[in-house]
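Visitor: curious how this folds, go ahead:
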Amino acid sequence: MRGFVLGVVVTLLVLGAVVVAVARLGLYPIGADNPPGSLEQTLAGHALDVYADNHKPAGGNPIPPTAANLSEGAKLYEQNCAMCHGGAKSKISAMQNQFNPPVPQLVNRIPHDPPSWIFWVTKHGVRMTGMPTWTGILSDEDIWKIVAFIKRSNDLPPEAQKAWHTAAE
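Guide: Numbers count the residues shown, from 1 in each chain. Just a heads-up that it's a prediction; the model follows:
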C-alpha cells in the first residue's frame, strides 16, 4: 500500500513539474490565433456554465419587454456590443473569429441561456476570452435592457426595430 501511495505522489509531482515547465519555457501557445484544444474547450466551457449558473441573479429579467425598453436596449447593444457580437448592419461580426474562443454572434443565433445567465456574463465578463466586465460602465438596468433586446432581437416591435437600425447608422 505504501508503494502505491508513493507512486501516486510521485506521479502528481511529475505532472505538476511538467505543467510548470511548459508554462515557464513558453511552450503553451497563448495567442488568440491558436485554436484551443478540445480538452481546453470542454473544461473552460463547463467551468463558465457552472460558475455563471451558481452566481447569476435569481429570477428573470426585471425589465419589462416594452417597445421603449427594447429600443433603449437596441441602442445600447449597438453602441457597446455589436462590434464583436454582430449587429443591425451585419448579424455576423468581422471580429467573430479574431477572439479565442470565437465570439458568439448573439443576434444571428439568440442564446438559449436564461436572461439571468446572460446578465451575469455581461456584467462580470469572462476571463481570457476578451469579454470585458461592464461593471461601472453600464448600469444593471442598462444591462437588463440589452439582455431583453438580445432575447427578442428576432421579433422586435417596429419601434424597436427602427431604433436598432437607426443606432447602427
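
Visitor: CA atoms for contacts and neighbours, from now on please.
Guide: OK.

Visitor: residues contacting the closest residue to Ala167 other than its chain neighbours?
Guide: Distance criterion Cα to Cα, 6 or more residues apart in numbering; nearest residue to Ala167, sequence neighbours excluded, is Lys75 at 5.5 Å. Taking Cα atoms under 8 Å, 6 or more residues apart in numbering, we find Lys75 in contact with Ala163, Trp164, Ala167.

Visitor: Ala23: which element?
Guide: helix 2-24 (DSSP states H and E).

Visitor: can I get the helix or strand that that helix is followed by in CSV, CA atoms only?
Guide: Note on helix 2-24: by DSSP H and E, the next helix or strand toward the C-terminus is helix 38-55. The C-alpha trace of helix 38-55 is given here as CSV (Å, rounded to 0.1, in the frame of the first residue of the first chain):
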residue,chain,number,x,y,z
SER,A,38,-10.8,20.0,-27.2
LEU,A,39,-9.9,19.5,-23.6
GLU,A,40,-9.4,23.2,-23.0
GLN,A,41,-12.7,24.0,-24.8
THR,A,42,-14.6,21.4,-22.8
LEU,A,43,-13.1,22.4,-19.4
ALA,A,44,-13.4,26.2,-19.9
GLY,A,45,-16.9,25.9,-21.3
HIS,A,46,-18.1,23.7,-18.5
ALA,A,47,-16.4,26.0,-15.9
LEU,A,48,-18.1,29.1,-17.3
ASP,A,49,-21.5,27.4,-17.4
VAL,A,50,-21.3,26.1,-13.8
TYR,A,51,-19.8,29.3,-12.4
ALA,A,52,-22.3,31.6,-14.0
ASP,A,53,-25.2,29.3,-13.1
ASN,A,54,-24.1,29.4,-9.5
HIS,A,55,-23.7,33.2,-9.4
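
Visitor: which residues does helix 38-55 contact?
Guide: In contact with helix 38-55 (Cα under 8 Å, 6+ apart) are residues Trp117, Trp120, Val121, Val126.

Visitor: phi, psi for the second one please.
Guide: Dihedral pair for Trp120: phi -60, psi -50, per degrees, to the nearest 10.

Visitor: how many residues are close by it?
Guide: 22 (other Cα atoms under 10 Å).

Visitor: leaving out sequence neighbours, find the closest residue to it.
Guide: Lys56 (5.3 Å).

Visitor: check the last one too.
Guide: Beyond its immediate neighbours in the sequence, the residue positioned closest to Val126 (Cα to Cα, 6+ apart) is Pro132, lying 6.6 Å away.
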